[in-house]
Structures are given as structure tokens and as C-alpha cells.
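Student: sequence first, then the predicted structure, then my questions.
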Amino acid sequence: MADLFEDYRLGPGWDEMFGEPGMPRETYEALHATLQPLSSAELGVRADVLARAFLDQGITFALKGVERPFPLDIVPRIIAADQWRTVSAGVAQRVRTLEAFLADIYGPAQVLADGVVPRRLVVTSAHFHREAAGIVPHNGVRIHVAGVDLIRDEQGDFRVLEDNVRVPSGVSYVMENRRAMAHVLPEVFASTRIQSVESYPTQLLRALRAAAPVGVANPTIVVLTPGVHNSAYFEHALLAREMGVELVEGRDLVCVGNEVAMRTTGGEQRVDVIYRRIDDDFLDPVHFRANSVLGVAGLLNAARAGRVTIANAVGNGVADDKLLYTYVPALIRYYLGEEPILPNVETYRLDDGPDVLDHVLDRLDQLVIKPVDGSGGAGIVIGSQASDEELAQVRGRLLADPRGWIAQREVALSMVPTLIGNRLRARHVDLRPFAVNDGERVWVLPGGLTRVALPEGALVVNSSQGGGSKDTWVLASPTATPHPDDAPVLADLTVPGVEPPSAAPTPDPGPGGATASEEQQQQQQQQQEQRVRQEDGRC
């Protein structure tokens, strides 16, 4: 039988599976041993099962207006435990820093007075909202959820590509990828200790409960979605279901007298925490886009009055500005007194002066040009792959608006074997770890979303640009002991075709605690909900 890897060629980037041709790295030895004896036909059959599972469950993504199954490659990406400890610490460090920065600029603005960040950078950012000034969450958390995009460079070192602290998406695919992969590669799971990703809804729910307004012991939490036509609607629905909270649209909420309520069949019910998946501009027509029908009129006033918490907070986007990204290492030193754990990619600030701009213009064909407020890979120009006409166009844009762009060194992103057709080929990947902040600690989901650029030589991995994904396995340390907060809820353990355990989980009593009677009622309610889900075939 032919070796599945016999014609696999190492690419231009750091290959994460192979140190040299035919020699797998230690972290990939078990996976390599499982895949090597398979024929391409057998691997293709398993890949088809994987794709059908996503399609049957409605796990889709809208690309150019067309719903399609989210592409999941059958070859996972593996990260060693010691590497992950560095990544996790570095991501948490950035989240703590950006929390301090947001509290500062929407408060005393000392960082601007001290000249660490230019005032003009903040006030000219498209996502700096003066309407958010003075809104102070009672537990001090503005970044409840963060997605920090990482790459591995030519030496295999992790670097930060950008920060996402507005409404980062993609965590649902992390959970679903794992559940699907457990069915198609069970032999690898049996021989490899992989850290679980199933506790994410528990961690998110804990953080949202901790963010409730003062005096609310048992908060009502909702997930606010733009609706079924949003490309990430599947994620919104999944997270609401896993957390056991309501999924609502703007029309389901009403704000009167700085109180937000949800319309239900039993009348209006007060809402305390809104995990919003709607951009700032559409969130409140009173303060932002007056023609928006996606948000809730008066929502920002209710937040200012301390009657409702919006997660993530309004105005966080200024920390997403890619120009601000270049200052994060300095902000880490300023706020935390620490050295950055994860370095940035080398970046040029085009508004630093004519010398910098001229230097970039002379090397356009060697750099990656990005709009500072872009997302989803939109507007990125990779100089080495751009035509003369495209380079001329971007030159004009940079001259007209240096503040609106950054330039980065073109990094040969690391590569992982990927099934293309019926053969394994090296493809570039990035990684988006997700962090949840409950005000006491920043918990980082082990692994995160690995995105893969499917066309040969492509460097843009974003799903909205046609990229796919991989399950990301973080190996467990042999001496590691689970943190008590990482215990998964019962719903997280259910997979198609497998009966869940009959015992009900111990509910999180919330910030205010719960009596024994209340706990018993919650357990009975969860057992009843579990039986309903089984009858509906959703487990």
C-alpha cells in the first residue's frame, strides 16, 4: 500500500508536522502513525463523512451570499503542552493590557497624557465612540470575549497578527470541529491526551453572570443576534443553546426608563446582561445609525445607568484598530510592567512620517498592506502576489490616507498537511485562540480556531475569503491536573448517537449564590430540559 505521505512536499513556511521529509515532529508522531497506513481513498471516505456531518447538522457559513458547509480538514493541527502554556500566557497578557487601555481612554486618558499612544490615533479611529465615555462596568470588564490572531513564523515562533475584542466569531466551529473529529479519527483520540474544548460555554456563562449589574444575584442573560441571515448565526444559536439562555433579535427587546426587557408569551421579562453579536453602529439607533432595525433604542442609556451590561462593551473597537496594534508591546510595559510574551509581526506605521511612507512605497511588492479598520481579510493586499495594477491602486490609497493603513513584513505562515482532492499537501495556517475574562482571571480556550488557506500558496486564511479550518489539538501535560473551573457542563458532553450520562450537573449558583432548594429546582429543570433535547433528537 502506498504511503499517504510519499509525495508530500515541504512548503516555504515552517512545516508543523515534519522537521524534514518523512520525519514527523514528536507532537505529530501518533497522528502520523495513524494516517500513514491509510490509502487516499480511505482518508477521502472519512473526509466525506466529516463534510456530511456538518451539512446534516446545518453547520454552515455564508460565502458571497451562498450558504455552504464550513470546510473542516481531516488532518488536525497539534500544539505541544509547553508551547501552549506560552501562547495562553501571552494571550491573557494582551487581554489584560487592552482592558486597562480601554478603561483608561474612556476614563482619565492618562495613557494619552503620558504620550505612550498619540491622542490623534485614538480620536481618529473609526471605532472610538465618545458615547461610551464614562460607562464603567461594575466588575471592570469590557472584553468578556477576545480572539487574538496568531501565526507561526519561519522559525516556528508564535507571533500576534491582530487583536479582536469587538465581537470575535468562530468559537462554535472549535467545538463542533472537535465533536466531528472524534468520530472520524477515534483511534488517535484513544492514544493521545488532548485538552478538552467543551467547557467554553460554561466559562462564557460564568463571565456573563459575573458582569451582571450591581445587586442582581440571578441575572437574565440573552444572546442578541442580527438574525438568520448573518453569516455567524449558527454560532449565535449554538452558544445560546449551550448556555441555556434565550437567543433574541432587536425586535424582541424593549428599553423603557433605562430598563431593558424581553418580550415573552408571559409578558415582559427584565434583561440584565446582553451578549451582543451586533456591531456598535447597529446596536442603538438613538446614538449610532438611526436607520438600524437590528438593535434596541435606548440600550446605551440603560448601560450608562448601570441597569444592563453589554458584552462586549461598546467602543472596544478602538483596541482592534491595526494602528493601535503596533503600540500594544509598549502598552504591556506601561500598564503591566512586563515584557511582551508574544511578539508582534514587524509592522510599519505609515503616518509616522514621510520617510516611513516612502520606504513602504518603495517596497510594496515585498510587504502586506492592510486597512486599519478592516476585518475578515477584506482589503488586504499581498505585495508579492499583487498585479502591477493592484500595486498602483494601493499606492494611491496610501498616499491619500496614510492613517488608514499599515504595512507588515510578508511572513511565510507555518504549514500543516491538508487534504486537497485525494492527496495531502502543505497549506498555510493561522490560529485564533479565544479568551474569556470574568474579572478575576482570563481563561484561554485550549486550541482555538485554526484557519487554513486552501489554494496553493495563498496566505489569506479567513473563512470569508474562502478559507477552511482544522481541529486544533493541544496536548495535555503528563503532570497536568484539571482546573475545577474547566469542568464541562452536561450538554457539552453530548454527541450524536451517544446517550449522555443521566446525572444532572451541579448548576453554577451565580454571583449571589443559591439556596439548597434553589439548587434542587435548577437540577430538576436541567434534567427535564435534557430529556426534551433527547426526544427532539438534538443530543
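Tutor: Structure received. What you see is a predicted model; the values in this text were computed from it and never measured.
Student: mind listing what Pro478 touches?
Tutor: Arg193 (Cβ atoms under 8 Å, 6 or more residues apart in numbering). Where you see a C-beta, it was placed from the backbone N, CA and C, and this is true even at glycine.
Student: that one and Arg178: what is the separation?
Tutor: 21 Å (Cβ to Cβ, to the nearest Å).
Student: Ile341: what secondary structure?
Tutor: coil (DSSP: H, G, I helix; E, B strand; the rest coil).
Student: gap between Ala319 and Ala146?
Tutor: Counting by Cβ to Cβ - Ala319 and Ala146 are separated by 9 Å.
Student: now the common contact residues for these two.
Tutor: 98, 163, 165.
Student: I figured the last one hits Val314, correct?
Tutor: No - taking Cβ atoms under 8 Å as the contact criterion, Val165 and Val314 are not neighbours in contact, 11.9 Å apart.
Student: Val368 pairs with what?
Tutor: Beta-bridge pairing of Val368, defined through DSSP bridges, involves Ile382, Gln408.
Student: pull the contacting residues for Val381.
Tutor: 368-370, 390-391, 394.
Student: now these as JSON lines including distance to Gly439?
Tutor: Shown next, in JSON lines, are these (distance: Cβ to Cβ, whole Å):
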{"residue": "Val368", "distance to Gly439": "36"}
{"residue": "Ile369", "distance to Gly439": "38"}
{"residue": "Lys370", "distance to Gly439": "32"}
{"residue": "Glu390", "distance to Gly439": "46"}
{"residue": "Leu391", "distance to Gly439": "47"}
{"residue": "Val394", "distance to Gly439": "42"}
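Student: pull out the buried residues from the longest helix seen in the chain.
Tutor: Criterion DSSP state H: the longest helix present in the chain is helix 81-105. Neighbour counts over helix 81-105 (16 or more other Cβ atoms under 10 Å) mark 81, 83-84, 87-88, 90-105 as buried.
Student: stretch 132-152 now?
Tutor: 132, 135, 137, 139, 141-152.
Student: does Leu247 sit in a helix, a strand or a coil?
Tutor: Per three-state DSSP, Leu247 ends up strand.
Student: use 48 as the first number from now on
Tutor: Done: numbering now begins at 48, and the last item shifts to Leu294.
Student: go ahead and confirm it touches Glu282.
Tutor: No - counting by Cβ under 8 Å, Leu294 stays clear of Glu282, with 10.8 Å between them.
Student: neighbour count winner among those two?
Tutor: Glu282 (23 against 19; other Cβ atoms under 10 Å).
Student: so that one touches Val218, yeah?
Tutor: Yes - contact criterion Cβ under 8 Å: Glu282 and Val218 qualify, at 6.9 Å.
Student: distance check, the residue nearest the centre of the chain against Leu255.
Tutor: For the chain, the residue nearest the mean C-alpha position is Gly194 (3.7 Å; Cα atoms, centre = their mean). Going from Gly194 to Leu255 by Cβ to Cβ gives 17 Å.
Student: for the stretch 198-347 of the chain, just list every one of the helices.
Tutor: Applying DSSP state H, counting those that start in this stretch to the stretch 198-347 of the chain gives helices spanning 218-231, 233-238, 247-257, 280-290, 346-351.
Student: so for the third one, mean pLDDT?
Tutor: Averaging pLDDT along helix 247-257 yields 98.
Student: could you give the angle of that helix to helix 280-290?
Tutor: With axes from the mean of the first three to the mean of the last three Cα atoms, to 10 degrees applied, the angle from helix 247-257 to helix 280-290 works out at 70 degrees.
Student: could you dump helix 247-257 to CSV, C-alpha only?
Tutor: Only the C-alpha atoms of helix 247-257 are listed here, as CSV (Å, rounded to 0.1, in the frame of the first residue of the first chain):
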residue,chain,number,x,y,z
TYR,A,247,-16.2,27.1,26.7
PRO,A,248,-20.0,27.7,27.2
THR,A,249,-19.5,27.2,30.9
GLN,A,250,-16.7,29.8,31.0
LEU,A,251,-18.6,32.3,28.9
LEU,A,252,-21.8,31.9,31.1
ARG,A,253,-19.7,32.4,34.2
ALA,A,254,-18.2,35.6,32.8
LEU,A,255,-21.6,36.9,31.7
ARG,A,256,-23.1,36.2,35.1
ALA,A,257,-20.2,38.0,36.8
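Student: now do the strands in the stretch 48-197 of the chain.
Tutor: For the stretch 48-197 of the chain, strands defined by DSSP state E, counting those that start in this stretch occupy the ranges 65-67, 70-71, 107-110, 113-116, 119-126, 192-199.
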